[in-house]
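Colleague: starting from these lines, generate the structure:
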Amino acid sequence: MRVHNEDLVYIKPNLVIEPLIDNWYAWPHIVSPATAAMNIKSRHLKIMKSYVQNPMIHAAAVKNPKMLGGPFIDYNGGRVDEIQSLIDNTTEKCAKLLNLNDDILELHNMLKNSAKGYALIDLYSKIPESLQGLVELVYDINNNPSFRFFESLLYETEYYDETIQSVNLFLVLDDDSRSFVLSTPKLGSPEILRLDIPFNSEKIDRLFEMSLEPKKYSEIVEIFDITDEDQKILFRTFFTTEKPKEYQKYDGDGVLTRYFGHACILTETRDTTILVDPIISYGYETDISRFSYEDLPEKIDYVLITHNHQDHILFETLLRIRGRIGHIIVPKCSGGNIQDPSLKLMFEKIGFKNIIELGDMEIKHFPDFKITGLPFIGEHCDLDVRSKICHSIEFNDGYRMLFAADSCNIAPKLYERIHKVIGDIDVVFLGMECHGAPLSWLYGPLLPNPMQRDMDESRRLAGCNFEQARALIDVFSAKNVFVYAMGMEPWLKHISSIKYTSESEPIVQSNQLLEYCRNKGVESERLFGEKIIEYKSVVNELQIN
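Modeller: Numbers count the residues shown, from 1 in each chain. I've put the predicted structure just below:
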């Protein structure tokens with residue numbers, strides 16, 4: 001049905017907002033200025049230059065299942081001139097960021113060569129000009145030199161450039177049409193509307209208010225100043241006069257929990273809604289049962305973030321629901337280490353409000369529950385990354401849930417000590433992607449020197465294996481165990497690049513855990529697609545559908 005100017009319209013449930021930075025899919029490490037500089041130089045430009053030199057190698061690699069998630073552009077060997085234009089554009093528009101990358105590497109080298117354990121005061125004058133006033137020079141207690149950023153000041157410099165932010169709007173029709181986002185820049189197409197607006201633009205919230213409340217079509221056209229005739233034709237296809245299905249608010253006496261895929265869990269009481277690591281599927285015809293944006297409540301009181309990886313902080317989802325979010329609870333960072341940018345600063349800069357930081361064993365009290373931040377170890381390749389936290393939620397009636405995400409129980413004594421403080425957990429959600437990518441896959445652009453291959457392969461983005469998971473659920477006497485965050489849902493392919501077989505180690509290890517739980521009489525499942533779990537507090541009963 002054609003939409004007319006005076007019609008009251010809603011956005012279609014399969015409308016995507018794809019956030020971009022310098023024409024690449026936006027994820028946290030290309031928002032914070034220092035990590036953005038290093039990724040643009042050592043990831044984006046490197047991949048694009050490789051493609052221009054030999055596009056057919058990329059085309060072949062993309063088709064090879066063993067190369068999933070590798071640094072290969074997915075344009076079937078074509079559009080080479082456009083990629084070269086992107087290289088030229090990046091070199092010009094991001095010149096200051098590229099210089100920042102070089103100066104960060106120069107600072108690393110200066111400290112390596114000049115800081116020998118003596119006072120650092122004389123080295124401040126040798127800091128590259130662009131970084132003066134933005135860093136503190138330090139030693140660790142073993143006399144190894146390093147530095148930390150004053151990141152809040154870094155955001156106030158020219159290195160945080162909102163003009164390289166934009167968004168794509170388009171309709172997604174299936175699970176298979178999108179390329180892996182960390183390797184392929186976003187070129188234009190007739191089905192995509194590019195809007196040169198920063199992520200903090202209120203226009204984004206005005207648009208996605210129309211998930212629930214209609215506006216006149218002419219009003220939304222005016223808000224976005226759509227004047228080009230071809231853009232008008234495309235823009236019109238994003239809207240419908242069909243009213244979305246009405247959300248059924250939970251009004252029981254207990255806790256209703258729904259699994260939305262990967263690590264995304266929605267937990268509701270009669271008075272509160274909590275959404276963990278939001279990644280939501282779109283509404284379109286599919287053979288796989290799932291919840292979508294239409295299954296979210298009108299108000300999300302608390303969004304919980306476990307850690308700073310692109311499959312747990314997905315701007316594509318977060319920007320779409322920003323107007324519904326009351327508070328975001330994020331882990332505290334280390335305070336200026338380049339590998340650990342502040343999530344609080346990042347979210348504030350891109351337009352989110354009411355950001356709460358949560359530290360290890362810190363407790364936040366809310367009207368009908370409390371959250372305790374439990375230490376999250378492993379999964380970050382042994383880097384000093386602090387912006388990671390497990391969320392233990394205890395409701396007023398004593399019912400307890402643990403969202404452990406990809407925390408890897410490599411030091412079981414830690415959770416034994418924690419158990420002495422917080423006691424047993426009723427329901428544990430735990431990731432078991434136990435053979436993840438090596439360090440360089442995600443953090444490579446941040447390393448001042450290349451890492452030996454065998455070292456790189458030994459340091460992986462890995463969650464729990466069977467033994468580690470078994471020790472965790474035993475120590476907390478978990479009554480219910482759900483393996484999640486495995487990246488198996490097909491609508492996650494563009495951010496996870498994961499494809500398992502029955503022989504894949506994460507499947508083998510999680511199967512062992514499920515068998516162990518069955519033998520113990522513990523309810524367990526490896527989640528996929530959707531799941532409903534209801535705890536009825538009046539009868540102290542857990543119902544799983």
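
Colleague: rest of the way, CA atoms for contacts and neighbours
Modeller: OK.

Colleague: quick one: contacts of stretch 532-543?
Modeller: 252, 253, 254, 255, 256, 257, 258, 259, 397, 399, 544, 545 (Cα atoms under 8 Å, 6 or more residues apart in numbering).

Colleague: now, of the residues you listed, which are buried?
Modeller: Listed as buried from the contacts of stretch 532-543 are 252, 254, 255, 256, 257, 258, 259, 399; burial here means 16 or more other Cα atoms under 10 Å.

Colleague: picking up where we left off before, what is the nearest of the contacts of stretch 532-543 to residue 175?
Modeller: residue 259 (18.2 Å; Cα to Cα).

Colleague: that's a helix at residue 169, yeah?
Modeller: No: counting by DSSP: H, G, I helix; E, B strand; the rest coil, residue 169 is not found in a helix; it is strand.

Colleague: any idea how far it is from residue 502?
Modeller: Distance, residue 169 to residue 502, using Cα to Cα, to the nearest Å: 37 Å.

Colleague: more neighbours: which of these two?
Modeller: residue 169 (18 against 9; other Cα atoms under 10 Å).

Colleague: need the pLDDT of that one.
Modeller: Turning to residue 169, the model gives it a pLDDT of 98.

Colleague: what is it paired to in the beta sheet?
Modeller: residue 17, residue 193 (DSSP bridges).

Colleague: identify the residues contacting it.
Modeller: So residue 169 contacts 15, 16, 17, 18, 192, 193, 194, 195 (Cα under 8 Å, 6+ apart).

Colleague: mind listing what the residue positioned nearest the centre of the chain touches?
Modeller: Nearest to the mean C-alpha position of the chain, by Cα atoms, centre = their mean, lies residue 313 at 2.1 Å. Residue 313 makes contacts with 27, 28, 277, 278, 279, 305, 307, as judged by Cα under 8 Å, 6+ apart.

Colleague: ok so, going back, quick check on the contacts of residue 169: which are buried?
Modeller: Judged by 16+ other Cα under 10 Å, buried ones among the contacts of residue 169: 15, 16, 17, 18, 192, 193, 194.

Colleague: hang on, the fourth one packs against residue 25?
Modeller: Yes: applying Cα atoms under 8 Å, one finds residue 18 in contact with residue 25, separated by 7.1 Å.

Colleague: A strand includes the residue nearest to the centre of the chain, no?
Modeller: No: read with three-state DSSP, residue 313 is coil and lies in no strand.

Colleague: separation between it and residue 262?
Modeller: 12 Å.

Colleague: go on, residue 135?
Modeller: Residue 135 is 37 Å from residue 262, by Cα to Cα.

Colleague: which one of these two is surrounded by more residues?
Modeller: Counted by other Cα under 10 Å, residue 135 and residue 262 do not tie: residue 262 has more neighbours, with 28 against 17.

Colleague: residues contacting that one?
Modeller: 279, 484, 485, 486, 487, 488, 489, 492, 528.

Colleague: biggest helix in the protein by residues?
Modeller: helix 95-114 (DSSP state H).

Colleague: hmm, who's touching it?
Modeller: 33-34, 36-38, 40-41, 91, 123, 126-128, 130-131, 145-146, 158-159, 448.

Colleague: next structured bit after it?
Modeller: For helix 95-114, the following helix or strand on the C-terminal side (DSSP states H and E) is strand 135-139.

Colleague: tilt between that following strand and helix 95-114?
Modeller: Counting by axes from the mean of the first three to the mean of the last three Cα atoms, to 10 degrees, strand 135-139 lies at 20 degrees to helix 95-114.

Colleague: can you list the weak-confidence ranges in the chain?
Modeller: Across the chain, the ranges flagged by pLDDT under 70 are 1, 538-540.

Colleague: what do you get if the cut-off is 80, keeping everything else the same?
Modeller: 1, 537-545 (pLDDT under 80).

Colleague: in stretch 65-79, what counts as buried?
Modeller: So, applying 16+ other Cα under 10 Å, buried residues of stretch 65-79: 68, 69, 70, 71, 72, 73, 74, 75, 77.

Colleague: gap between the last one and residue 68?
Modeller: Relative to residue 68, residue 77 is positioned 17 Å away (Cα to Cα).

Colleague: run through who's touching stretch 474-489.
Modeller: 261-263, 405-406, 415-416, 419, 423-433, 473, 493, 496, 498-500, 510, 517, 522-529.

Colleague: need the nearest residue in space to residue 299, chain neighbours excluded.
Modeller: residue 324 (4.9 Å; Cα to Cα, 6 or more residues apart in numbering).

Colleague: ok, residue 401 to residue 369 distance?
Modeller: 11 Å.

Colleague: before we move on, what about residue 406?
Modeller: 23 Å.

Colleague: cool, residue 261 as well?
Modeller: From residue 261 to residue 369 the distance is 24 Å (Cα to Cα).

Colleague: looking at these two, which one has more neighbours?
Modeller: Between residue 261 and residue 369, counting by other Cα under 10 Å, residue 261 is the more crowded of the two (28 against 17).

Colleague: contacting residues around that one?
Modeller: Counting by Cα under 8 Å, 6+ apart, residue 261 touches 279, 280, 290, 484, 485, 489, 527, 528, 529, 530.

Colleague: and if you look at residue 28?
Modeller: By Cα under 8 Å, 6+ apart, the neighbours of residue 28 are 308, 309, 310, 313, 346.

Colleague: equivalent analysis for residue 319, please.
Modeller: Per Cα under 8 Å, 6+ apart, neighbours of residue 319: 17, 199, 204, 205.

Colleague: would you say the last one is within a helix?
Modeller: Yes: Residue 205 sits within a helix when classified using three-state DSSP.

Colleague: what about residue 34, which SS state?
Modeller: When classified by three-state DSSP, residue 34 comes out as helix.

Colleague: count the residues that sit near it.
Modeller: 26.

Colleague: so it is in contact with residue 340, correct?
Modeller: No: applying Cα under 8 Å, one finds residue 34 not in contact with residue 340, separated by 10.4 Å.

Colleague: after the helix or strand residue 233 falls within, which helix or strand is next?
Modeller: Using DSSP H and E, residue 233 sits in helix 229-236. With elements assigned by DSSP H and E, the helix or strand that comes after helix 229-236 is strand 239-240.

Colleague: chain center to the helix or strand following that next one: distance?
Modeller: Scanning forward in sequence from strand 239-240 by DSSP H and E, the next helix or strand is strand 255-261. Its chain's average C-alpha position is 19 Å from that of strand 255-261, according to Cα atoms, centre = their mean, to the nearest Å.

Colleague: can I get strand 255-261 in PDB, CA atoms only?
Modeller: Output in PDB follows, covering the C-alpha atoms of strand 255-261 (Å, rounded to 0.1, in the frame of the first residue of the first chain):
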ATOM      1  CA  VAL A 255       9.800 -12.700  37.100                       C
ATOM      2  CA  LEU A 256       9.400 -13.300  33.300                       C
ATOM      3  CA  THR A 257      12.600 -13.800  31.300                       C
ATOM      4  CA  ARG A 258      12.800 -14.000  27.600                       C
ATOM      5  CA  TYR A 259      15.800 -14.900  25.400                       C
ATOM      6  CA  PHE A 260      16.100 -12.800  22.300                       C
ATOM      7  CA  GLY A 261      19.300 -14.400  20.900                       C
END
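
Colleague: give me the sheet partners of that strand and which way each runs.
Modeller: strand 264-268 (antiparallel), strand 531-536 (antiparallel).

Colleague: as TSV, the contacts of residue 262 with distance to residue 64 would be great.
Modeller: Shown next, in TSV, are the contacts of residue 262 (distance: Cα to Cα, whole Å):
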residue	distance to residue 64
279	27
484	26
485	24
486	21
487	19
488	18
489	20
492	18
528	25
